[in-house]
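A.B. asks: Here is my input, please return the structure:
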Amino acid sequence: MRVRLWSSVLMTRVFVYGTLKKGQPNNYRMFESNNGKAEYLGSAFTIQKYPLVITTKDNIPFLLNIPGQGHRVHGEIYKVDDQMLKFLDDFESVPTLYQRTVVQLEVKEWVGKTEGEEKVSPGSITDVFVYTATTYKPDWRSLPCYENYDSEGDHGLKYRPREERD
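C.D. replies: Next up, the predicted model:
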């Protein structure tokens, strides 16, 4: 079964919780025209709890697809065109490192235009795509979990951009 979560004609909603959020190291990629089109719609958090962990030598944030564990994860909703969705799939190494799955969110703030779209207000529930870890090491389940990722956070696990990796 193919799921397509429409925001408007040919646009898909995606939830970002890590380095693609505003103020984070990869947010600029959401707005590079060569990657496609993306529009910030608002902030939200997952209805269910999920483990959001930071791991590997590059301190990458991973959302483990284990509903009911961890925290309700905070992030941002974007609507993206097919070109940006393909870029994000490539950037997130789908299907090797991450998979694109559907998650239910509770909207915290909504700034997106509602022209021809459903009216979205704070507290409402919406389904969007999210990138979750495809496979992970068993010890990742015992790592500290976060509800709101920040590459400069108190955790001291500074993200290492791809350009600086071996």
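A.B. asks: need the helices for this structure, in chain order.
C.D. replies: Counting by DSSP state H, the chain has helices at residues 82-91.
A.B. asks: Walking through it, point out its strands one by one.
C.D. replies: 6-8, 11-16, 38-46, 52-55, 60-63, 74-81, 98-110, 125-133 (DSSP state E).
A.B. asks: any chance of those in CSV, plus distance to Ser151, mean pLDDT and mean neighbour count?
C.D. replies: The C-beta positions use only the backbone N, C-alpha and C, and glycine is treated the same way. Shown next, in CSV, are those (distance: least, CB to CB, whole Å; pLDDT from 0 to 100; neighbours: other CB atoms under 10 Å):
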stretch, distance to Ser151, mean pLDDT, mean neighbour count
strand 6-8, 27, 48, 17
strand 11-16, 13, 94, 23
strand 38-46, 17, 96, 21
strand 52-55, 9, 97, 22
strand 60-63, 8, 96, 22
strand 74-81, 14, 96, 23
strand 98-110, 18, 95, 17
strand 125-133, 17, 96, 20
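A.B. asks: of all the ones you listed, which lies closest to Ser142?
C.D. replies: strand 52-55 (9.2 Å; CB to CB).
A.B. asks: which secondary structure elements does that closest one contact?
C.D. replies: strand 60-63 (3 or more CB pairs under 8 Å, 6 or more residues apart in numbering; DSSP states H and E).
A.B. asks: Sheet partners, orientation included, of the strand it packs on?
C.D. replies: strand 52-55 (antiparallel) (DSSP bridges).
A.B. asks: Put the alpha carbons of the partner strand into PDB.
C.D. replies: Output of strand 52-55 as PDB, limited to C-alpha atoms (Å, rounded to 0.1, in the frame of the first residue of the first chain):
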ATOM      1  CA  LEU A  52      15.600  10.100  20.000                       C
ATOM      2  CA  VAL A  53      19.200   9.200  20.500                       C
ATOM      3  CA  ILE A  54      22.500  10.700  19.500                       C
ATOM      4  CA  THR A  55      25.100   8.200  18.500                       C
END
